[in-house]
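K.L.:
Got a predicted structure here, sequence first:
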Amino acid sequence: SGDVGTAQEKIRGTSGLGELGRHYGIDASPDQITERLFQSIRAAHERQKKAGIAYPEVKIDTVWQSILGWQDQNRIREFALDYEWTVNPSYPMPGLDETLRNIRQRGLVMGIISNAQFFTPLLFKWFLGASPTELGFTPDLIVYSYQFGEAKPSGMLFKRCAKRLNAMGLSPESIVYVGNDMLNDIMPAAKLGWQTTLFAGDQRSLRLRRDREECRMVRPHLVISDLRQLLDWI
């Protein structure tokens with residue numbers, strides 16, 4: 001739902017966090033752990049902003065290690081994944097498999113620009129039984145925020161893909177970018193001259209950002225409520 005993780009106030013009271021803490025032998029209460037998580041993320045963001053990064057991103061396993069003090073990287077990652085799955089469950093949208101398969105069969109180039117963490121690629125395996133590259137995504141066009149220390153709407157992430165697409169001989173107007181967030185997706189893609197598609201098929205994840213001045217004059221080329229509607233546009 002939107003970015004990786006959810007707002008702190010939405011996490012409070014999430015059922016299952018107490019059981020999760022007991023399973024991992026954590027003495028602190030769920031609220032205490034969540035407070036420490038957001039404090040650590042805010043502190044890391046402040047350090048990055050002071051270093052000149054406008055839209056900072058963390059590595060969530062590194063954050064959890066600083067909070068829990070565990071040395072076992074596998075255990076930290078298992079906990080990070082279980083915590084995220086508990087507070088921010090994810091589901092594949094209807095028609096995802098069909099849409100990707102159709103685009104792949106047409107031989108079109110596919111990429112991903114995502115505010116993500118280490119566990120994001122695992123979602124493809126769980127939902128579709130294959131990795132992103134096995135599903136047809138070009139490795140050089142897969143950009144995850146945690147790998148670069150910057151998050152959408154950072155122009156750096158988009159320009160990285162734009163440079164690669166240009167090297168492949170693809171003009172900006174031939175590129176269609178699909179996203180659910182007017183600020184993080186549609187605005188930066190539009191700045192590069194790409195066609196933009198707003199996915200509005202899920203109320204929980206749709207972000208219109210009407211309160212953001214920079215989004216008020218931006219309009220997507222297409223609004224879809226089902227991923228398969230993208231195929232006619234392409």
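P.N.:
Arrived safely, thanks for sending.
K.L.:
What lies in contact with stretch 111-126?
P.N.:
With contacts defined as CB atoms under 8 Å, 6 or more residues apart in numbering, stretch 111-126 is touched by 3-4, 57, 59-61, 77, 80-81, 84, 90, 92, 130-132, 135, 137-138, 141-146, 151-152, 157-158, 161, 165, 177, 184. C-beta: built from backbone N, CA, C; applies to glycine.
K.L.:
Please produce a ChimeraX select command covering the buried subset of the residues you listed.
P.N.:
Selecting only the buried entries of these in ChimeraX, with 16 or more other CB atoms under 10 Å as the criterion:
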select :3,4,57,59,60,61,77,80,81,84,132,135,137,138,141,142,143,144,145,146,151,152,157,158,161,165,177,184
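K.L.:
Now intersect the contacts of stretch 111-126 with the helices, please.
P.N.:
Taking DSSP state H as the definition of helices, those contribute Ile60, Asp61, Arg77, Ala80, Leu81, Glu84, Ser145, Tyr146, Leu157, Phe158, Cys161, Leu165.
K.L.:
and the least confident of the residues you listed?
P.N.:
Across those, the bottom pLDDT score, 91, is held by Glu84.
K.L.:
May I have the secondary structure class of Thr14?
P.N.:
With DSSP: H, G, I helix; E, B strand; the rest coil as the basis, Thr14 sits in coil.
K.L.:
Where does Gln86 fall, secondary structure wise?
P.N.:
Let me fix one detail, which is that residue 86 is Thr and not Gln. Under the criterion of DSSP states H and E, Thr86 resides in helix 73-87.
K.L.:
buried residues in that helix?
P.N.:
Neighbour counts using 16+ other CB under 10 Å place Ile76, Arg77, Phe79, Ala80, Leu81, Asp82, Tyr83, Glu84, Thr86, Val87 of helix 73-87 among the buried residues.
K.L.:
excluding its backbone neighbours, what's nearest Gly193?
P.N.:
Pro172 (3.6 Å; CB to CB, 6 or more residues apart in numbering).
K.L.:
For stretch 82-101, which outside residues touch it?
P.N.:
Applying CB under 8 Å, 6+ apart, the set of residues contacting stretch 82-101 is 1, 4-6, 10-11, 14, 16-17, 20, 23-24, 60, 64, 110, 117, 119, 123, 127-128, 135-136, 199, 201-202, 226-228, 230-231.
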